[in-house]
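Colleague: My questions concern the predicted model and sequence given below.
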Amino acid sequence: MAEEVKLFRTWSSRYSLRIVWALKLKGIEYETIFEDLTNKSPSLLQYNPTHGKVPVLVHDGKPVCESLVILEYVDETWKHNPLLPQDPYEKSMARFWANFGDDKLMKSISQLFIAHEKDQDVAAVAALENLKIVEEQLKGKKFFHGETIGYLDLAFGWIANLVSILEEIMSLKLVDGERFPHLSSWIQHFIDAPVIRDCWPPRDKMIIKYQVMREKYLAAATPK
Amino acid sequence: MGEEDTVILHGMWASTYVKRVELALKIKGIPFEYVEEDLSNKSALLLKYNPVQRKVPVLVHNGKPICESLVILEYIDETWPSHGLQLLPKDPYERARVRFWAAYIQQLLESMAKLFNPDHKEAQEKALEEMYEKQRILEEGMREFFPEESPNVHPEKLGILDIMIVSTLGAFRAQEEALGVKTLDPEKNPLLFSWVEALIQLPVVKEIIPPFEKLVSLLQFIKQNGIKF
């Protein structure tokens, strides 16, 4: 029976990338629909009426939304090459850290990225503290999942992809090899993995996008 | 699971997040010890078990801590699968739907929490509108789950969404008393309202709902002073 798998995404969405990687790791064939979020397709709005966001995975006509929910769906539906640990405790740890990544770490790095110079020091402290916590999770492991890439590596994938871009724009090094030896080495292993490497959004395009975004935020927040 | 299981829940009597876990454990008939935490003076044990967030609930199973209420709920369901009910459906697509809406109910709670910030009237109005909008979306979304008018609440069939709904909205009368505004309108949200009313009648829910007056006092205090923990 032919399965139909579609993925609604944008070219740069860090959340969509998680699903691109997951589908590749599982060897699942799918159709990509690129969205322009300033002009959303009727299909996207039909499949994700609540948020109108990407990614949306549509499997045989049934939509699944929210990247971490989609990752679990993919793992439960196509059981080979498991992404999540089998043990309930290990699984709950992976979920906890994925949430930490999205709620705390990403937020603190974003806040540093759009901070004015006078606020940068304080914002940097929070970002570095959170990075340190993640660094601890990697001790003794090649990937967060162990020897191979798994759910938590995909959830943290944006660190390997986005952080160096933000660093370049800010002229500020966050994840340096001295303070973060494990994270630095993880980034290298992750980037080098063929499945991951093939799906990177173009760096120059990303730099422009985030530069523009930063300028907008800084201008909007400037006291008059 | 083995006979020597020890399950300890670190909680706080008014916490919505803690209620979720308490309910899940009771629904599944899992014996546990409850430790009340004073969040203005957190125990060394809590800080040891949850160094990252320093919050409740923390479930400690045979000495291993699990944090974050939704993560804990899934852990409970996976660790004690044959105990009583399954909190999540078996089918992956149904599981994804439940997880999506559980996360949305969490967002609704975050909107509701804004009502308790000691802020100006405008901020309060804005927070109310945000909450009403989320409730509207939730009401529509839940119609998918209940093609008939009212949810069929059955003690034998409780799941994660029932737990999320009753923990988040179950104390609405106390919230309304503390705020002086309607937080759950039966006319705007007939499905949510009747669902909550049915849930709070259940004996297992009555066991965990915080005492009304005590909760009202706490909510009024939070409103005046802001949440400190």
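Modeller: Yes, it's here.
Colleague: a helix runs through B:L46, doesn't it?
Modeller: Yes. Judged by DSSP: H, G, I helix; E, B strand; the rest coil, B:L46 forms part of a helix.
Colleague: on contacts alone, who are the packing partners of the helix or strand encompassing B:L218?
Modeller: B:L218 is part of helix B:212-225, with elements assigned from DSSP states H and E. When contacts are defined as 3 or more Cβ pairs under 8 Å, 6 or more residues apart in numbering or on different chains; DSSP states H and E, helix B:212-225 sits against helix B:172-179. Heads up, the C-betas are built off the backbone N, CA and C, glycines and all.
Colleague: Show me which residues of the helix it packs on are buried.
Modeller: For helix B:172-179, burial by neighbour count (16 or more other Cβ atoms under 10 Å in any protein chain shown) applies to B:F172, B:A174, B:Q175, B:E177, B:A178, B:L179.
Colleague: what about the helix holding B:L218, average pLDDT?
Modeller: Averaged over helix B:212-225, pLDDT sits at 92.
Colleague: So which bits of it are buried?
Modeller: B:L215, B:V216, B:L219, B:Q220, B:I222, B:K223.
Colleague: With stretch A:139-159 instead?
Modeller: A:142-145, A:149-159.
Colleague: hmm, who's touching that stretch?
Modeller: Stretch A:139-159 is touched from outside by A:14, A:17-18, A:21-22, A:25, A:68, A:71-72, A:75, A:82-85, A:94, A:97-98, A:101-102, A:105-106, A:134, A:137-138, A:175, A:182-183, A:186-187, A:189-190, A:193, A:195-196, with contacts defined as Cβ atoms under 8 Å, 6 or more residues apart in numbering or on different chains.
Colleague: CA-only coordinates of that stretch in CSV, if you can.
Modeller: Below are the C-alpha coordinates for stretch A:139-159, written out as CSV (Å, rounded to 0.1, in the frame of the first residue of the first chain):
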residue,chain,number,x,y,z
LYS,A,139,29.8,14.1,29.1
GLY,A,140,31.1,10.7,27.9
LYS,A,141,28.9,10.7,24.9
LYS,A,142,29.4,11.3,21.2
PHE,A,143,25.8,12.2,20.6
PHE,A,144,23.1,13.0,23.2
HIS,A,145,21.5,9.7,22.1
GLY,A,146,24.8,7.8,22.6
GLU,A,147,26.8,6.4,19.6
THR,A,148,24.2,7.4,17.0
ILE,A,149,22.0,10.4,16.4
GLY,A,150,18.6,10.4,18.1
TYR,A,151,15.7,12.5,19.1
LEU,A,152,17.6,14.8,21.4
ASP,A,153,20.3,15.4,18.9
LEU,A,154,17.6,16.4,16.4
ALA,A,155,15.9,18.6,19.0
PHE,A,156,19.2,20.3,19.7
GLY,A,157,20.2,20.4,16.1
TRP,A,158,19.6,24.1,15.8
ILE,A,159,22.6,24.6,18.1
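Colleague: what residue ranges in chain A are flagged as low confidence?
Modeller: Residue ranges of chain A with pLDDT under 70: A:1-2, A:222-224.
Colleague: at 90 what do you get?
Modeller: Scanning chain A for pLDDT under 90 picks out the ranges A:1-3, A:117, A:139-140, A:161, A:194-195, A:197-200, A:220-224.
Colleague: Check chain B too.
Modeller: B:1-5, B:40, B:81-85, B:114, B:116-125, B:143-157, B:223-229.
Colleague: domain ranges for it?
Modeller: B:5-77, B:90-223 (the TED database).
Colleague: so which of those is the most packed in?
Modeller: For these, the largest average neighbour count (mean count of other Cβ atoms under 10 Å in any protein chain shown) is found in domain B:5-77, namely a mean of 19.
Colleague: wait, does it contact chain A?
Modeller: Yes. Contact between domain B:5-77 and chain A, assessed by Cβ under 8 Å from any Cβ of the partner chain, occurs at B:V52, B:H61, B:K64, B:I66, B:C67, B:E68, B:V71, B:I72, B:E74, B:Y75.
Colleague: ends of that domain, how far apart?
Modeller: 15 Å (Cα to Cα, to the nearest Å).
Colleague: Check the offset of it from the chain's centre.
Modeller: 13 Å (Cα atoms, centre = their mean, to the nearest Å).
Colleague: What ranges does chain B have for its strands?
Modeller: B:7-11, B:33-36, B:58-61, B:64-67 (DSSP state E).
Colleague: Torsion angles phi and psi at A:F143?
Modeller: When read as degrees, to the nearest 10, the backbone of A:F143 gives phi -120, psi 160.
Colleague: related to what we said a few turns ago, are any of the contacts of stretch A:139-159 buried, and if so which?
Modeller: With neighbours counted by 16+ other Cβ under 10 Å, those contain buried members at A:14, A:17-18, A:21-22, A:25, A:68, A:71-72, A:75, A:82-85, A:94, A:97-98, A:101-102, A:105-106, A:134, A:137-138, A:175, A:182-183, A:186-187, A:190, A:193, A:196.
Colleague: May I see the buried residues of stretch A:201-213?
Modeller: A:P201, A:M206, A:Y210.
Colleague: contacting residues for the closest residue in space to the first one that isn't next to it in sequence?
Modeller: Distance criterion Cβ to Cβ, 6 or more residues apart in numbering or on different chains; nearest residue to A:P201, sequence neighbours excluded, is A:S12 at 5.0 Å. For A:S12, the set of contacting residues under the criterion of Cβ under 8 Å, 6+ apart consists of A:P201, A:K205, A:M206, A:K209.
Colleague: Which secondary structure state does A:S12 sit in?
Modeller: With three-state DSSP as the basis, A:S12 sits in coil.
Colleague: what do you get for A:I33?
Modeller: Here A:I33 is strand, with the state taken from three-state DSSP.
Colleague: got the contact list for it?
Modeller: Counted by Cβ under 8 Å, 6+ apart, A:I33 has contacts A:K6, A:L7, A:F8, A:R9, A:S41, A:S43, A:L44.
Colleague: bridging residues for the fourth one?
Modeller: A:R9 has the following beta-bridge partners by DSSP bridges: A:F34.
Colleague: what's the neighbour count on it?
Modeller: 20 (other Cβ atoms under 10 Å in any protein chain shown).
Colleague: That one touches A:R18, doesn't it?
Modeller: No. Taking Cβ atoms under 8 Å as the definition, A:R9 is not a contact partner of A:R18, at 10.1 Å.
Colleague: Wait, a helix at A:L57?
Modeller: No. With three-state DSSP as the criterion, A:L57 is assigned strand and is not in a helix.
Colleague: For A:R9 and A:R18, list the residues in contact with both.
Modeller: Shared contacts of A:R9 and A:R18, defined by Cβ under 8 Å, 6+ apart, comprise A:P55.
Colleague: can you list contacts of the helix holding B:L218?
Modeller: B:W13, B:A14, B:F116, B:P118, B:A171, B:R173, B:A174, B:Q175, B:E177, B:A178, B:L179.
Colleague: hmm, back to that, need the contacts of A:S12 in CSV with distance to B:V166 and secondary structure, can you?
Modeller: Converted to CSV, these look like this (distance: Cβ to Cβ, whole Å; DSSP: H, G, I helix; E, B strand; the rest coil):
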residue, distance to B:V166, secondary structure
A:P201, 43, coil
A:K205, 47, helix
A:M206, 44, helix
A:K209, 43, helix
